[in-house]
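**Q** Below: sequence and its predicted model.
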Amino acid sequence: MSLALLIEQFLNGLQLGVMLFLIAAGLTLIFGVMGLINLAHGSLYMVGAFACATVAAATGSFWLGLVASLAAAAAAGALMEVAIIRRLYARDHLDQVLATFALILIFSEGTRWLFGSFPLYLDIPPLLQGAVALPGGGQYPLYRLAIIGVGVIVAIGLYLLIGRTRLGMRIRAGESDREMIAALGIDIRSLYTIVFAFGAALAGLAGALVGALQSVQVGMGEPALILAFVVIVIGGIGSIKGALIGAILVGLVDTMGRFLLPKALALMMPATQAGPVGAALASMLIYIVMALILAFRPSGLFSART
């Protein structure tokens with residue numbers, strides 16, 4: 001096992017973690033402020049990917065597609081909140097789950113009707129093509145490093161937004177006591193719409209960035225949503241810091257587990273068996289980690305409600 005290969009897999013895990021953070025940050029904000037379980041958050045990830053692919057194909061510019069992904073996902077999120085989600089705040093979580101699950105089906109079939117069942121593809125922009133040399137003689141794609149950089153910038157921006165701005169103060173107050181801030185004259189409905197649209201835009205950004213690495217297709221949001229829920233459970237509901245730490249942990253555990261487990265098992269069993277067994281164990285690993293964390297910290301690592 002070469003050093004370059006190990007570093008490459010570590011960076012792959014970090015890049016996966018950054019993508020999960022972009023999805024989970026919006027999801028944990030929405031749940032923390034509104035108390036809403038939004039199963040349709042993955043559909044907003046898909047909307048961003050399709051918007052980026054469509055605009056990039058029409059204009060030839062990935063960057064215009066990236067702007068379109070943010071705008072389309074934010075607009076879809078705001079429309080969803082005003083038209084449907086707003087009526088669910090006073091309902092129990094079962095009603096929220098059923099309603100947002102229905103939205104998944106509506107988004108999926110609507111997207112299939114508009115774009116068809118065949119996947120779309122995004123090209124990596126010329127500015128980010130190529131690779132960077134790694135210690136040990138390997139190379140790593142520049143675009144994946146750029147994704148990691150985007151995640152770092154977004155994390156810093158969220159920290160400043162939540163901790164240093166008037167909007168962030170209102171969001172924090174909404175997490176703590178939404179009735180009180182409504183009594184102080186703050187338009188709680190507008191705040192909810194802004195938070196929901198902002199979380200949707202982050203999911204759309206993640207979809208657009210991932211779209212250049214894999215195909216853009218109907219249903220691409222559901223696997224990402226499952227991992228995003230694992231992230232916010234590990235990190236703690238309502239905590240942006242927890243979403244960041246949890247996302248990086250899940251990304252590294254998943255990627256390094258899939259890379260190292262088959263090699264470790266090959267030392268104890270035939271290689272023909274080690275591959276399938278290692279892959280099966282690796283797919284379970286993040287859920288084992290989640291169970292262990294919850295056993296010792298039931299509210300997650302950095303719960304905003306503890």
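**A** Done, it's in. Everything quoted here is computed from the prediction, not taken from an experiment. Residues are numbered from 1 along each chain as shown.
**Q** Look up how far Gly211 lies from the nearest residue to Leu128 once chain neighbours are set aside.
**A** In space, and not counting its chain neighbours, Leu128 is closest to Tyr143: 4.4 Å by Cβ to Cβ, 6 or more residues apart in numbering. C-beta here means a position set from N, CA and C on the backbone, and glycine is covered the same way. For Tyr143, the distance to Gly211 (Cβ to Cβ, to the nearest Å) stands at 12 Å.
**Q** Same check on Ser190?
**A** Counting by Cβ to Cβ - Ser190 and Gly211 are separated by 31 Å.
**Q** and if you look at Tyr45?
**A** 10 Å.
**Q** Same check on Arg112?
**A** From Arg112 to Gly211 the distance is 17 Å (Cβ to Cβ).
**Q** So between the two, which is more surrounded?
**A** Of the pair Arg112 and Gly211, Gly211 is the one with more neighbours under other Cβ atoms under 10 Å, namely 29 against 14.
**Q** The more buried one reaches Met46, doesn't it?
**A** No: between Gly211 and Met46 there is no contact under Cβ atoms under 8 Å: 9.6 Å.
**Q** pLDDT score for Ala182?
**A** With respect to pLDDT, Ala182 scores 68.
**Q** Kindly apply the preceding question to Val216 instead.
**A** 91.
**Q** That one - how many residues pack around it?
**A** Neighbours of Val216 using other Cβ under 10 Å come to 24.
**Q** cool, Leu301 as well?
**A** Leu301: 17 surrounding residues under other Cβ under 10 Å.
**Q** Quick check: it is in a helix.
**A** No: counting by DSSP: H, G, I helix; E, B strand; the rest coil, Leu301 is not part of a helix but coil.
**Q** can you give me phi and psi for it?
**A** When read as degrees, to the nearest 10, the backbone of Leu301 gives phi -70, psi -40.
**Q** in this protein, which spans are helices?
**A** 3-34, 41-59, 62-83, 93-115, 142-164, 166-176, 178-183, 188-211, 221-235, 240-265, 271-296 (DSSP state H).
**Q** nearest to Gln129, of these?
**A** helix 142-164 (6.8 Å; Cβ to Cβ).
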